[in-house]
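Asks: Provide a 3D model corresponding to the input given below.
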Amino acid sequence: MDKKNKISRKEFLRYTWVVVAAPFIFIWGMSVKRYREAGTKTQVRIADDIPNGISFYDEVVISKQAGDIKAFSAHCTHLGCVINNEENGEMVCPCHGSRFDANGKPTKGPAVERLRQLRFEKQDGEIVIEV
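Replies: Sure, this is the predicted structure:
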């Protein structure tokens, strides 16, 4: 092997450092992004006259059973697709077919975690949900 194809130890360490550090920098950047997103909350306001059953409002799913109201994030716990369909009293993810009951519990995979339940308040004839 001739000398012009060899790299010095210093160059080798510089390239190795970049290859080793890149995944850590990426993971750090993603965690900073999630932290910032978690701090920004928005409100969804829905009229208080919600029908019984399951209703969809942008990124919120409302389940009303015998007067008991529950609010869930419409993002599937499998890959985050927005759930916007109901079949036989279950919420159905359009991407991979995960199903959730009226309490947000998965009844069919691939999702295995419950839907994230959201807090809400009733104010002046509206339901105000923190997303």
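Asks: Tell me who's in contact with Ser73.
Replies: Ser73 makes contact with 59-61, 115-116, 118, 131, according to CB atoms under 8 Å, 6 or more residues apart in numbering. C-beta coordinates here come from the backbone N, C-alpha and C atoms, glycine included.
Asks: Show me the shaky parts of this protein.
Replies: 1-4, 35-41 (pLDDT under 70).
Asks: cutoff 90 now
Replies: Within the chain, the ranges that satisfy pLDDT under 90 run 1-53, 57-59, 64-69, 79-80, 89, 108-109, 120, 122-131.
Asks: Quickly find the element holding the closest residue to Gln65 other than its chain neighbours.
Replies: Leaving out its chain neighbours, the residue that sits closest to Gln65 by CB to CB, 6 or more residues apart in numbering is Ala102, at 5.4 Å. Assigned by DSSP states H and E, Ala102 falls within no helix or strand.
Asks: Show the backbone phi and psi for Ala102.
Replies: phi -70, psi -10 (degrees, to the nearest 10).
Asks: Wait, it touches Ser63, no?
Replies: Yes. The criterion here is CB atoms under 8 Å, and Ala102 meets it with Ser63 at 4.4 Å.
Asks: And the two? Which one has more around it.
Replies: Shown here are Ala102 and Ser63; by other CB atoms under 10 Å, Ser63 has more neighbours (24 against 18).
Asks: So which elements touch the host helix or strand of that one?
Replies: Secondary-structure element containing Ser63, defined by DSSP H and E: strand 60-65. Here strand 60-65 touches strand 43-47, strand 53-57, strand 68-73, going by 3 or more CB pairs under 8 Å, 6 or more residues apart in numbering; DSSP states H and E.
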